[in-house]
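Visitor: Give me a model of this one.
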Amino acid sequence: MQHWTWMLGRAQQLMLEAGLPIADGEAIAAQARDFWTDYLGLWQRFTAPGAATAERPPEKDRRFSAEAWRANPMFDWLRQSYALIANHWLRGVDAVDGLDARQREQLRFATRGMIDALSPSNFALTNPEVIEKTIETRGENLVAGLQHMLSDMARGQLTHTAADAFELGRNLATAPGKVVKRTPLYELIHYAPTTERVLATPLVIFPPWINRFYILDLTPEKSFIRWAVEQGVSVFMVSWKSADASMADVTWDDYVAAQIDAIDTIRAALDVPAVHTIGYCVAGTTLAATLALLAARGEADKVASATFFTAQVDFAQAGDLRNFVTDEQLAMIAQLSPDGFLDGRFMAATFNLLRGRDLIWDYVTNNYLLGKDYAPFDLLHWNGDTTNLPAKWHLSYLTDLYRDNRLVEPGGVTVLGEPIDLTRIETPCYIQAGREDHIAPPASVWEITRHVRGPARFVLAASGHIAGVVNPPAAGKYRYWTSDAPAATLDEFVAAASETAGSWWPDWIAWLTAQAPDTVKAKGARIPGKGKLTALEDAPGTYVRQP
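Guide: From the prediction side, this is the model:
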């Protein structure tokens, strides 16, 4: 405890030397007093074991869920001391004077990361499970863990799941379909119908180009694409090309132009006036720009509806990712992209840092220290299937949108020569947010409703950025909230919302069908490769397999 007290003092001294204002002397004294009061309370609980046991609440931190953390007094003390110190470090962030809200959040994020890294569960000699495992296996767990660590170092990326458990076209991305168009930026996939009749208005899905599209076509039972096809929807999917040196000059204009090109290609191929659209995450941001551009051109009727999966247009409340858009970090990203593209492993590491406890340190403990084999998990396989990003556009995205929040300023961003104004969007919108989303926080996603002019249905789903979206009805998991009452804020929406158990997908298909209920027979051009667009190859195509 003397050591940790010294560290708290040293941290405050470093902040002073760095020019950061800290709390005044009285506040520091109060914080120290509170720390020692809590410390003495912890000591008293250990001097009266019976009372400590009776007062002990259930363990909420799964890092310390094993009974060994309580059975041995030394590790029980270590666990509770760590929790006490972590709590006071975070309270210390709130005590710092002179910081604006953004600076404080950056400091809080860095402090949380340091606290997670220093957990006694991350080190062999302070983790009773690792010690027990080492004795049991005579050190074999550490050898296996070393093999895992060296393998990850060689590939430059943390492994989350068994490498050979999944294969595209075998047990992932298996929805039947054909690649019917290929450009230097994307492939267009048309999926085979499974119903006799389909909605006359087809659907095109724009996935984020920072990941592979098959997050919406994981194992068959989780596939949104398969499910949508089974509901009688003609589904098209854009599969973006992973960036290479040939894409050094690609900008946002190119992605917006690609979305419009895909829309026009489908309209011409099926001879329909409009299409439904879905934009997931950053592709949803781009879809909003596309809709505004079409409105400015007088071509808004090309899109019958727009669905946004965990997408943002207003980045004022964009969460922890805003901690990665300082001038210094943007300069570092530029240095990491000498060939005109950013290696996708850097982006993967960034997303891992957002949930460091779950996506970094849990794997350090389980796979490096305990030497456990990797469990097969389709979602984590996808998460590790990194995609390179065009450096010029990626920097512009972080600067113009995340840092400067220019998209919500009418005329703040120009695309293909046209100033963008989101308030011109009158297209019916379905806006889905994840209640626990750490990448696109629900309060940030909600802001779409304030910027578009047309009718908007907002749906708040349980879980996060991925599981909140990929939630098939058959799984019977989670819940979602809807409301028809007017609401100016997310809090007002939640206060008036009704809760429904299970997946929100049925709510979405009912909304989509209501926008354009007419159906046609699933024949001719509705069959992939049988119309004006010839089949180039089977789904999932070539681009999704390229590094």
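Visitor: quick one: the helices in the stretch 201-350 of the chain?
Guide: Secondary structure of the stretch 201-350 of the chain (DSSP state H, counting those that start in this stretch): helices located at 224-230, 252-270, 282-296, 327-335, 344-354.
Visitor: Need these in TSV (columns: distance to residue 450).
Guide: (Each C-beta comes from the backbone N, C-alpha and C, glycine too.) Shown next, in TSV, are the helices of the stretch 201-350 of the chain (distance: least, C-beta to C-beta, whole Å):
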stretch	distance to residue 450
helix 224-230	27
helix 252-270	22
helix 282-296	12
helix 327-335	28
helix 344-354	25
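Visitor: Can you list phi and psi of the nearest residue in space to residue 208 that is not next to it in sequence for me?
Guide: Using C-beta to C-beta, 6 or more residues apart in numbering and skipping residues adjacent in sequence, the residue nearest residue 208 is residue 281, 4.1 Å away. For residue 281, the backbone dihedrals are phi 60, psi -120 (criterion: degrees, to the nearest 10).
Visitor: gap between residue 281 and residue 77?
Guide: 44 Å (C-beta to C-beta, to the nearest Å).
Visitor: coming back round to it: looking at the helices of the stretch 201-350 of the chain, which is buried most?
Guide: Of the helices of the stretch 201-350 of the chain, the one with the most neighbours on average (mean count of other C-beta atoms under 10 Å) is helix 282-296, at a mean of 25.
Visitor: orientation of that helix relative to helix 252-270 in degrees?
Guide: Angle, helix 282-296 to helix 252-270, by axes from the mean of the first three to the mean of the last three C-alpha atoms, to 10 degrees: 70 degrees.
Visitor: Show the average pLDDT along helix 282-296.
Guide: Helix 282-296 carries an average pLDDT of 98.
Visitor: Does anything pack onto it? Which helices or strands?
Guide: Where contact means 3 or more C-beta pairs under 8 Å, 6 or more residues apart in numbering; DSSP states H and E, helix 282-296 is packed against strand 203-206, helix 252-270, strand 275-280, strand 303-309, strand 418-419.
Visitor: Minimum distance to residue 371: which of those has it?
Guide: Residue 371 lies closest to strand 275-280 among these, at 36.5 Å (C-beta to C-beta).
Visitor: State the pLDDT value of residue 234.
Guide: Per-residue confidence (pLDDT) for residue 234: 98.
Visitor: Next: residue 110.
Guide: Looking at residue 110, its pLDDT is 89.
Visitor: Roughly how far does it sit from residue 331?
Guide: With distances taken as C-beta to C-beta, residue 110 is found 18 Å from residue 331.
Visitor: now swap in residue 98 and tell me
Guide: 25 Å.
Visitor: So what's the residue count around residue 491?
Guide: Residue 491: 11 surrounding residues under other C-beta atoms under 10 Å.
Visitor: That one: what secondary structure?
Guide: Under DSSP: H, G, I helix; E, B strand; the rest coil, residue 491 falls in the helix class.
Visitor: That one and residue 274: what is the separation?
Guide: According to C-beta to C-beta, residue 491 stands 35 Å off from residue 274.
Visitor: Then residue 72?
Guide: Remark: distance between residue 72 and residue 274 (C-beta to C-beta) = 66 Å.
Visitor: Settle it for me: which of the two has more neighbours?
Guide: Comparing residue 72 with residue 274 by other C-beta under 10 Å, the one with more neighbours is residue 274, at 20 against 14.
Visitor: Show me the shaky parts of this structure.
Guide: Within the chain, the segments meeting pLDDT under 70 span 1-59.
Visitor: what's in contact with stretch 101-115?
Guide: 86, 89-90, 92-94, 96, 99, 320, 322-323, 326, 353, 356 (C-beta atoms under 8 Å, 6 or more residues apart in numbering).
Visitor: Now do the buried residues in it.
Guide: Counting neighbours by 16 or more other C-beta atoms under 10 Å, one finds that the buried residues in stretch 101-115 are 105-109, 111-113, 115.
Visitor: returning to that earlier point: now for the contacts of stretch 101-115: which two are most distant?
Guide: Distances among those were taken as C-beta to C-beta; the most separated pair is 86 and 326, at 24.9 Å.
Visitor: The two: which is more packed in?
Guide: For residue 86 versus residue 326, the count of surrounding residues by other C-beta under 10 Å is larger for residue 86: 18 against 13.
Visitor: what residues are up against that one?
Guide: By C-beta under 8 Å, 6+ apart, residue 86 lies in contact with residue 115.
Visitor: name the element it belongs to?
Guide: helix 73-95 (DSSP states H and E).
Visitor: And that helix, what's buried?
Guide: For helix 73-95, the neighbour count (16+ other C-beta under 10 Å) marks 75-76, 78-82, 84-86, 88-89, 92-93 as buried.
Visitor: want to throw the residues you listed into JSON lines with distance to residue 380?
Guide: Below are those laid out as JSON lines (distance: C-beta to C-beta, whole Å):
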{"residue": "75", "distance to residue 380": "29"}
{"residue": "76", "distance to residue 380": "32"}
{"residue": "78", "distance to residue 380": "30"}
{"residue": "79", "distance to residue 380": "28"}
{"residue": "80", "distance to residue 380": "32"}
{"residue": "81", "distance to residue 380": "32"}
{"residue": "82", "distance to residue 380": "27"}
{"residue": "84", "distance to residue 380": "33"}
{"residue": "85", "distance to residue 380": "31"}
{"residue": "86", "distance to residue 380": "27"}
{"residue": "88", "distance to residue 380": "34"}
{"residue": "89", "distance to residue 380": "30"}
{"residue": "92", "distance to residue 380": "34"}
{"residue": "93", "distance to residue 380": "31"}
